[in-house]
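[1] have a look at this prediction, sequence included:
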Amino acid sequence: MGNRSCLAIILAAGEGTRMRSVQPKVLHRIAGSSMLAHVLDAVRAAGGTAAAVVIGPDADTVAAEARRVLPAAEIFLQAERLGTAHAVLAAKAAIAGGADDVLIIFGDTPLIRPQTLRRMRDALAGGAAIAVLGFRPQDPSGYGRLLLEGGELVAIREEADAGAAERAIPICNGGLMAFAGRTALAILERIGRNNRKGEFYLTDAVAIARAMQLKAVAIETEEDDVRGINTKAQLAEAEADLQERLRKAAMEAGVTLVAPETVFLSADTKLGRDVVVEPFVYFGPGVTVEDNALIHSFCHLVHAHVGKGAEVGPFARLRPGAQLGVNVHIGNFVEIKASVIEDGAKANHLAYIGDSRLGAGSNFGAGAIVCNYDGIAKHRTDIGKGVFIGSNSALVAPVKIGDGAYVATGSVITHDVPADGLAIARERQVVKDNRASRLRALKGAGKKKAGE
Ligand code: UD1
Ligand code: MG
């Protein structure tokens, strides 16, 4: 492939009516990322140097998602849906930019793998003017058929225009195509709409290229790569496929998944070596877990970082901005949000820590919480190193607890505690001697009366 430049055109002007959703189709998520993000990530991984996303009217959210994933992405509007070739030509200005390779990818085929895109680019580097991605579906109905002759592709016949013999061809058009940049526009601009649907078919490019004495080839791949998503059921199937891929890749990289089929991963989940994940754990987007950490069952992690050797759960929730240092322990029914938990610190049971720092080696007791929200704004809690926060304490933010300080159980802390200080902020205990038996006698008498 060398240094060939590569423009990817992503067709995302479809309405996706069969999703029965107010959301544009390509924004539906698989493994934590939108379909569009999956496609753009694959393009980037395949060495794409530029991307053009073709959107329909009123699709500002699609444009925004494209720019979020790839700030350099150019957006083109296809005002009227007149077919796949018409959609590609909406990005004519990008094609005229002169990239060596032009990849055309549908926004609703999110499982496309970078290595497959690279194979298509290799075919261009090898002299083909067009490379088409073919596959053998279990049920070919609805797909265009690839007409091959002696290893070369001579045409693609859309099903609506195919005769009985052509319909019997088992190898179909997956929809993805690669064009050599030099000849792309010359071919695309010759495409007409003289067919059953009256649409500008991208697939006509093959016969046109042949007529121009240019070479077209088919690259065969597995159905998974080109699985198009049109319905919520297909979305769920693609999810299952991708989860399987992600779990396999994690295990190949040295992660122990005790019951892989119960662990949900995101496309960007990073799990280190010898990380152990017990059954039933959810990794939302943006999670990194360093080597040797142990994630017990029933944890939910989103945009969080777990340091080396840390232990989390069972039943722990790490929300966005949870940053656990080395050997941190976060136990059952503990929720952490936007907080740094420094090396060796512990919160082992029933706690909430938000907008805080818990210093190295500190212990946050059972049932203790920070009160970070006063009904109007969020405030910070800063807990130093080697601090002990007694059980069932409430730290009312903003508040600072100095290094080595001690907060007595059940305290409601509203003022800073200096380093090495002991804070007790609760009612003093009162004991009344011999009053228990009197109390019981009194209550007993009451009961009798009621029963008489
Ligand atoms: C297309 C192929 C067919 C192939 C199949 C694989 C053509 C003519 N046919 O058919 O050979 O087997 O995909 O799934 O290319 N789009 C636009 N604007 C348009 C039309 C389409 O952006 O005006 C986008 C759609 O959003 C979609 C993609 O292009 O992402 C493909 O369009 P679709 O209508 O699904 O094409 P198929 O009929 O499935
Ligand atoms: Mg389709």
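    That came in fine, so what should we check first? Numbers count the residues shown, from 1 in each chain. Ligands and ions are numbered 1, 2, ... in the order given.

[2] C-alpha from now on. contacts and neighbour counts both.
    Fine.

[3] what number of residues lie near the residue lying closest to residue 169 once chain neighbours are set aside?
    Nearest residue to residue 169 in three dimensions, chain neighbours excluded: residue 145, at 6.3 Å (Cα to Cα, 6 or more residues apart in numbering). Counted by other Cα atoms under 10 Å, the residues lying close to residue 145 total 27.

[4] ok, and what's touching stretch 188-198?
    Contacts with stretch 188-198, where a contact means Cα atoms under 8 Å, 6 or more residues apart in numbering, come from 85, 89, 160, 161, 199, 200, 201, 202, 204, 205, 208.

[5] 10 Å instead?
    Taking Cα atoms under 10 Å, 6 or more residues apart in numbering as the criterion, the residues outside stretch 188-198 that touch it are 82-83, 85-86, 88-89, 92, 158-161, 179, 199-209.

[6] now the buried members of these.
    83, 85-86, 88-89, 92, 158-159, 179, 199-209 (16 or more other Cα atoms under 10 Å).

[7] need the three-state assignment for residue 439.
    helix (DSSP: H, G, I helix; E, B strand; the rest coil).

[8] how many neighbours does it have?
    That count, for residue 439 with other Cα under 10 Å as the rule, works out to 10.

[9] report the beta-bridge partners for residue 300.
    residue 282, residue 317 (DSSP bridges).

[10] meant to ask about residue 389
    residue 364, residue 407.

[11] give the contact list for it.
    347, 362-366, 368-369, 383, 395, 401, 405-411, 423.

[12] flag every residue of the stretch 201-350 of the chain that's near ligand 1.
    201, 202, 203, 228 (Cα under 6 Å from any ligand atom).

[13] between these, which sits nearest ligand 1?
    Proximity of these to ligand 1 (Cα to the nearest ligand atom) peaks at residue 201, which lies at 3.9 Å.

[14] quick check, that closest one in contact with residue 85.
    Yes: look at residue 201 against residue 85 with Cα atoms under 10 Å: they come within range, at 5.3 Å.

[15] gap between residue 286 and ligand 1?
    Separation of residue 286 from ligand 1 (Cα to the nearest ligand atom, to the nearest Å): 27 Å.

[16] burial count for that residue?
    Using other Cα under 10 Å, the number of residues around residue 286 comes to 18.

[17] residue 433 now?
    Residue 433, neighbours per other Cα under 10 Å, totals 7.

[18] SS state for it?
    What three-state DSSP gives for residue 433 is coil.

[19] so what's it scoring on pLDDT?
    pLDDT, residue 433: 97.

[20] for it, phi and psi?
    Main-chain dihedrals, residue 433, degrees, to the nearest 10: phi -60, psi 140.

[21] likewise residue 239?
    Backbone torsions for residue 239, taken as degrees, to the nearest 10, come to phi -60, psi -50.

[22] against residue 110, how distant is it?
    10 Å (Cα to Cα, to the nearest Å).

[23] which stretches of this protein have low pLDDT?
    1-2, 448-452 (pLDDT under 70).

[24] now for the strand or helix carrying residue 248, which elements pack on it?
    Counting by DSSP states H and E, the element that carries residue 248 is helix 232-252. Other elements packing on helix 232-252 under the criterion 3 or more Cα pairs under 10 Å, 6 or more residues apart in numbering; DSSP states H and E are strand 29-30, helix 223-226, strand 256-257, strand 263-264, strand 270-271.

[25] 7 Å instead?
    Contacting helix 232-252 under the criterion 3 or more Cα pairs under 7 Å, 6 or more residues apart in numbering; DSSP states H and E is no other helix or strand.

[26] what bridges to residue 423?
    When bridges are taken as DSSP bridges, the partners of residue 423 come out as residue 407.

[27] contacting residues around it?
    Neighbouring residues of residue 423 by Cα atoms under 7 Å, 6 or more residues apart in numbering: 406, 407, 408, 417.

[28] of all those, which two lie farthest apart?
    By the measure Cα to Cα, 408 and 417 form the most distant pair in the contacts of residue 423, at 11.5 Å.

[29] re the thing from before, CA atoms only: put the helix holding residue 248 into CSV for me.
    Provided in CSV are the C-alpha atoms of helix 232-252 (Å, rounded to 0.1, in the frame of the first residue of the first chain):
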residue,chain,number,x,y,z
LYS,A,232,-33.6,-3.3,15.9
ALA,A,233,-33.3,-7.1,15.7
GLN,A,234,-30.4,-6.8,13.3
LEU,A,235,-28.8,-4.3,15.6
ALA,A,236,-29.0,-6.8,18.4
GLU,A,237,-27.4,-9.5,16.2
ALA,A,238,-24.6,-7.2,15.2
GLU,A,239,-24.1,-6.5,18.9
ALA,A,240,-23.8,-10.2,19.7
ASP,A,241,-21.3,-10.6,16.9
LEU,A,242,-19.2,-7.7,18.0
GLN,A,243,-19.3,-8.8,21.6
GLU,A,244,-17.9,-12.1,20.6
ARG,A,245,-15.1,-10.5,18.7
LEU,A,246,-14.2,-8.2,21.6
ARG,A,247,-14.2,-11.0,24.2
LYS,A,248,-12.0,-13.1,22.0
ALA,A,249,-9.5,-10.2,21.5
ALA,A,250,-9.4,-9.5,25.2
MET,A,251,-8.7,-13.2,26.0
GLU,A,252,-6.0,-13.3,23.3
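
[30] please identify the buried residues of it?
    Buried residues in helix 232-252, counting neighbours by 16+ other Cα under 10 Å, are found at 235, 238, 239, 240, 242, 243, 244, 246, 247, 250, 251.

[31] so how far is residue 137 from the third one?
    Plainly put, residue 239 is 19 Å away from residue 137 if you go by Cα to Cα.

[32] same check, this time on the fifth one
    Distance of residue 242 to residue 137, computed by Cα to Cα: 18 Å.

[33] going along the chain, name the strands of the stretch 51-200 of the chain.
    74-77, 101-106, 130-135, 145-149, 152-157, 172-180 (DSSP state E, counting those that start in this stretch).

[34] which strands and helices sit next to the fifth one?
    Pointing back at strand 152-157 there. strand 145-149, helix 205-211, strand 216-220.

[35] which among those is found nearest to residue 115?
    Using Cα to Cα, the nearest of the helices and strands packed on strand 152-157 to residue 115 is strand 216-220, at 11.9 Å.

[36] the closest one vs strand 130-135, what angle?
    Compare the direction of strand 216-220 with that of strand 130-135 by axes from the mean of the first three to the mean of the last three Cα atoms, to 10 degrees and you get 30 degrees.
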